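> Got a predicted structure plus its sequence, pasted below:
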Amino acid sequence: MSATLRLTGPLHDGLVVMATSPIETGAVLLAHQLTLDDGTVILFGDDLIAVPDDAYEIRTDRALQITSDGYIHALKTARDRGMIALWVHSHPGDRAIPRPSTHDRRVNEQLEPLFGDRTETEQYGYLVVSHDAGALTFTGELSGQVTTSITRIAVSWQRWIFRPAYDAPTGADRALFDRNIRAFGDGIQSTISGLTVAIVGAGGTGSATAEQLTRLGVRSFILIDPDTLSDSNTTRVYGSTPADVGRPKVDVLGDYLERIAHGVHTTRIQGSILTEAVARTLIGADVVFGCTDDNAGRLRLSRLPYYYLTPVIDCGVQIPSDQDGLISGVFGRVTTLHPGAACLACRDRIDFALAEAETRSAEEQQRLEKEGYAPALPGVEPAVVTFTTLVAATAVSELLERLVGYGDTPTPSELILYIHDRTLRGNIEDPHTGHYCDPATRRIGTDADMFLGLNWAS
Ligand SMILES: [Zn+2]
Ligand SMILES: [Zn+2]
């Protein structure tokens, strides 16, 4: 069992400020705790509450002693929000070792029952933070009802950081990834190799995305698609052959990815993210690629980054035609959703009437269409392998940019490909005040009764 701590950019910045301070600093991190079916624990950081200055009894570059006033108030806030509390303190100095000292271990033993009682979660956690040239280093553990070490911190904001714990084994296969490492360095390659990526939609765009990710070094996939492969799919789906027609798309793609490289593991779900159980599997992914063309699916994906801090790269191709059936343009869209950026709804990228139509039964939809109460669902849309592949490559490059940071800042959160014009343009949209994507509305841990704050068909 292991735990990942997911943080927004501001919370991560708060830890970096503590870690780079020349004197020992303490704080309480409030987090929502979730255990997945496979036993993996995810902590979602909610707030970092600093120890008030007057609560320090001793505070030097090598020692820290605080009164209980330093954390009692934070524990009450944790209880009110139904969250656990982690004791965080720093070991100052560049490349200082963020392992708990003998003294730290005694403090942990004292704090464990107190934190568990006061938050009413029977749960305690600690983090020791330091830095290596300004980059956060840490060790941490949970104890109480759930006992496990915190093996990774994942940060989702403009930049995406996946930092393993100080003592975690790292390192990618240097020979295999030599060319990647020459471009991005060892650390990024090792990060890529440690990612679990969910691909929603195993068609033209999804299969091209998955193939590129595998060749880049991703070894763990969650593949989701309800459909079986049709004849016409083989014109776009990577890894598919005529012999695969009729097989579930997730199996066609999964088998192919596992042949591309050693050590690839695919979790295959032949189902739709309109089903709660299927959508919930996305929580376990580090990054989600949305490669479907439906509005109802997007409506759900759009909420994930704000409730679960999982970044989503949503993409699509549109080939509109005029009245005579002639193509009037070829558009690609890659929208990156993460805490701090606008959701698909705020960007006007979801047609809510169509989203509703897509979830109705066929008879119900036909009746409402006839009566003029529902928009007609589009039929089979045009799709061409070169365009789906181009959009997939743009989406995967977007992941690289978020990890490496080679582009301009502020980073555009959406790219529109005017393929017919041979032009690419970026745009930035801020969350709308009060909407679920507005960080001030604090959605983390608020959907216990309604997953993602939505009604779900069973
Ligand atoms: Zn210490
Ligand atoms: Zn929004």
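Noted; the coordinates are in hand. Ligands and ions are numbered 1, 2, ... in the order given.

> and the lowest-mean-pLDDT helix or strand in the chain, what does it pack onto?
For the chain, the helix or strand with the lowest mean confidence is helix 362-370, at a mean of 88 (criterion: mean pLDDT, DSSP states H and E). Identification of packing neighbours for helix 362-370 by 3 or more Cβ pairs under 8 Å, 6 or more residues apart in numbering; DSSP states H and E yields helix 352-359. C-beta: built from backbone N, CA, C; applies to glycine.

> hang on, the earlier thing: sort out which residues of the least confident helix or strand of the chain are buried, please.
The neighbour-count check on helix 362-370 (16 or more other Cβ atoms under 10 Å) flags Gln365 as buried.

> repeat for stretch 157-177
So, applying 16+ other Cβ under 10 Å, buried residues of stretch 157-177: 157-166, 172, 177.

> which stretches of the chain aren't confidently modelled?
Flagging of the chain using pLDDT under 70 yields the residue ranges 458.

> how about the helices in it?
Counting by DSSP state H, residue ranges of the helices within the chain are 9-20, 72-81, 102-119, 178-184, 186-193, 204-216, 249-260, 276-280, 295-301, 304-308, 352-359, 362-370, 385-404.

> Redo the ones you listed as a markdown table? Include distance to Ile222.
Listed next are the helices of the chain as a markdown table, based on distance: least, Cβ to Cβ, whole Å:
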| stretch | distance to Ile222 |
| --- | --- |
| helix 9-20 | 25 |
| helix 72-81 | 29 |
| helix 102-119 | 32 |
| helix 178-184 | 23 |
| helix 186-193 | 16 |
| helix 204-216 | 11 |
| helix 249-260 | 10 |
| helix 276-280 | 10 |
| helix 295-301 | 13 |
| helix 304-308 | 13 |
| helix 352-359 | 22 |
| helix 362-370 | 28 |
| helix 385-404 | 15 |
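
> Can I get those in JSON lines including distance to ligand 1?
Formatted as JSON lines, the helices of the chain follow (distance: least, Cβ to the ion, whole Å):
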{"stretch": "helix 9-20", "distance to ligand 1": "12"}
{"stretch": "helix 72-81", "distance to ligand 1": "18"}
{"stretch": "helix 102-119", "distance to ligand 1": "4"}
{"stretch": "helix 178-184", "distance to ligand 1": "33"}
{"stretch": "helix 186-193", "distance to ligand 1": "26"}
{"stretch": "helix 204-216", "distance to ligand 1": "38"}
{"stretch": "helix 249-260", "distance to ligand 1": "43"}
{"stretch": "helix 276-280", "distance to ligand 1": "37"}
{"stretch": "helix 295-301", "distance to ligand 1": "41"}
{"stretch": "helix 304-308", "distance to ligand 1": "31"}
{"stretch": "helix 352-359", "distance to ligand 1": "51"}
{"stretch": "helix 362-370", "distance to ligand 1": "62"}
{"stretch": "helix 385-404", "distance to ligand 1": "30"}
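
> what subset of the buried residues of stretch 157-177 is also close to ligand 2?
When contact is defined as Cβ under 5 Å from the ion, the buried residues of stretch 157-177 do not meet ligand 2 at all.

> ok so, going back, Leu337 is nearest to which of the helices of the chain?
helix 304-308 (4.7 Å; Cβ to Cβ).
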